[in-house]
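Novice: return atomic coordinates for the entry below.
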Amino acid sequence: MNWAVIAATLGLLGCGAEHDAPRPATLLFVGDMMLGRRVEAAMREQGDWSRPFRPLGARLRAADLTFGNLECVTAASGRNRTTFEFRADPRVLAGLGFAGFDIVSVANTHTTDWGPDALQEMLRKLTDAGITFVGLDQGGVQSPVVLRAGGLRIGFLAFSHYVGGEEARNDAVRIAHIEGKQVIPAIVAARSQVDYLVVSLHMGKEFAPRADRAQRGIAHAVIEAGADLVVGHHPHVPQEVEKYGGGFIAYSLGNFVFDQLDSSRDGAMLEVTLAGAEPTRIAYVRTRINDGFQPEAVSEERWEGPALQGADRVLN
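Specialist: Residues are numbered from 1 along each chain as shown. Predicted coordinates:
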């Protein structure tokens, strides 16, 4: 028996196993993106549909998966059913592509503003742009959107506290509502299909600097049901990050791209690094929107290793 050959073969196999070991995966999350009104006007004026994302584009693209809340309708069709003008030219989706967005939530306050035709048009445009969406009411238990990162199956679910009022109740396409009979069964059903489960929740009191009791109760129930990460938005300002049970909660990531310069320029990016479906590093990057409607990074907090272990607590 040629032990030298066997040893060499085992060495090669060992190198291959090490090479094939799962690599860390980085997930990046941002909050509200409203690309219409003055934001769209600035893009038109500059002739640049990627303009809002240029200061932070490199970091957004560097993540394995990048997620945001698309709080507008990107469509040319529809009839406005509200007093808000949260509709943008579909060409703004080029900016999301430039920034490397892989998936957006459509479960928020304003995606139904222009009716089902506009919403359906937006969903088609997102698909054409290669951007996945999550947060539709599927008439039963919402199925997770599952994307791959670092060899892991990353699952996404999304729900909103407001889904368009009475007029939207019978729309052909509806968004998912935050209520126990939809949220908890969806998490339970998704758990076996994914390695890491993210739940996006559009809820909370506008401009409140900390989460309220209702937000905490819902987010805690979501983690208890089996979610690994809760990502929140709607308050338009950043709120705290909490370690709870076996997961983490970012109650609100605030405004990422918006034209509310007088009321809130502030947002945050949440960057989660996973190794074997376990978070090994979390970075919380504070952002501020400049006068050109572009978010810029202003500070960063990080928690790694032992700092992510231990008792339930607020991290910042």
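Novice: and the strands in the stretch 151-300 of the chain?
Specialist: 152-160, 196-202, 229-233, 241-244, 247-250, 255-257, 266-275, 278-289, 295-304 (DSSP state E, counting those that start in this stretch).
Novice: now do the buried residues in the fourth one.
Specialist: The one in question is strand 241-244. Val241, Glu242, Lys243, Tyr244 (16 or more other C-beta atoms under 10 Å). All C-beta atoms are positioned from the backbone trio N, CA, C, and that covers glycine.
Novice: quick check: bridge partners of the last one?
Specialist: Put plainly, it is Tyr244. Gly247 (DSSP bridges).
Novice: I'd say it and Asp312 touch.
Specialist: Yes. If you go by C-beta atoms under 8 Å, Tyr244 and Asp312 touch, sitting 5.1 Å apart.
Novice: how close does the nearest residue to Ala94 once chain neighbours are set aside get to Gln294?
Specialist: Once flanking residues are discounted, Ala94 sits nearest to Trp49: 4.2 Å by C-beta to C-beta, 6 or more residues apart in numbering. As judged by C-beta to C-beta, to the nearest Å, Trp49 and Gln294 stand 13 Å apart.
Novice: pLDDT at Ala17, what is it?
Specialist: At Ala17, the predicted lDDT confidence score is 40.
Novice: revised request: answer the last question for Val5.
Specialist: On the pLDDT scale, Val5 gets 38.
Novice: got it, and Gly180?
Specialist: For Gly180, the predicted pLDDT is 75.
Novice: use 368 as the first number for this chain going forward.
Specialist: In the new count, where the first residue is 368, that last one comes out as Gly547.
Novice: how many residues are close by it?
Specialist: Number of residues near Gly547 (other C-beta atoms under 10 Å) recorded here: 10.
Novice: so who does it touch?
Specialist: Ala588 (C-beta atoms under 8 Å, 6 or more residues apart in numbering).
Novice: and the residue lying closest to Arg446 once chain neighbours are set aside, how many neighbours?
Specialist: Leaving out its chain neighbours, the residue that sits closest to Arg446 by C-beta to C-beta, 6+ apart is Gly482, at 5.4 Å. Other residues within reach of Gly482, judged by other C-beta under 10 Å, total 21.
Novice: if we can go back for a sec, pick out whichever of Trp416 and Gln661 has more residues nearby.
Specialist: Trp416 (22 against 18).
Novice: in a strand, the more buried one, correct?
Specialist: No. Under DSSP: H, G, I helix; E, B strand; the rest coil, Trp416 falls outside any strand and is assigned coil.
Novice: find the nearest non-adjacent residue to Asp658, please.
Specialist: Leu628 (7.1 Å).
Novice: okay, and the beta partners of Leu503?
Specialist: Going by DSSP bridges, Leu503 forms beta bridges with Ile542.
Novice: would you confirm that it contacts Val540?
Specialist: Yes. With contacts counted by C-beta under 8 Å, Leu503 reaches Val540, the gap being 6.7 Å.
Novice: before we move on, the earlier item: tabulate the strands of the stretch 518-667 of the chain (CSV), appending mean pLDDT.
Specialist: Shown next, in CSV, are the strands of the stretch 518-667 of the chain (pLDDT from 0 to 100):
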stretch, mean pLDDT
strand 519-527, 98
strand 563-569, 98
strand 596-600, 98
strand 608-611, 98
strand 614-617, 98
strand 622-624, 98
strand 633-642, 98
strand 645-656, 98
strand 662-671, 98
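Novice: quick one: closest of those strands to Phe453.
Specialist: Nearest to Phe453 among the strands of the stretch 518-667 of the chain is strand 622-624 (12.3 Å), distances taken as C-beta to C-beta.
Novice: which other residues reach the closest one?
Specialist: 397-402, 406, 419-420, 435, 603-604, 631-634, 636, 654, 656, 660-662.
Novice: so what strands line up beside it?
Specialist: Paired strands of strand 622-624, defined by DSSP bridges, are strand 392-400 (parallel).
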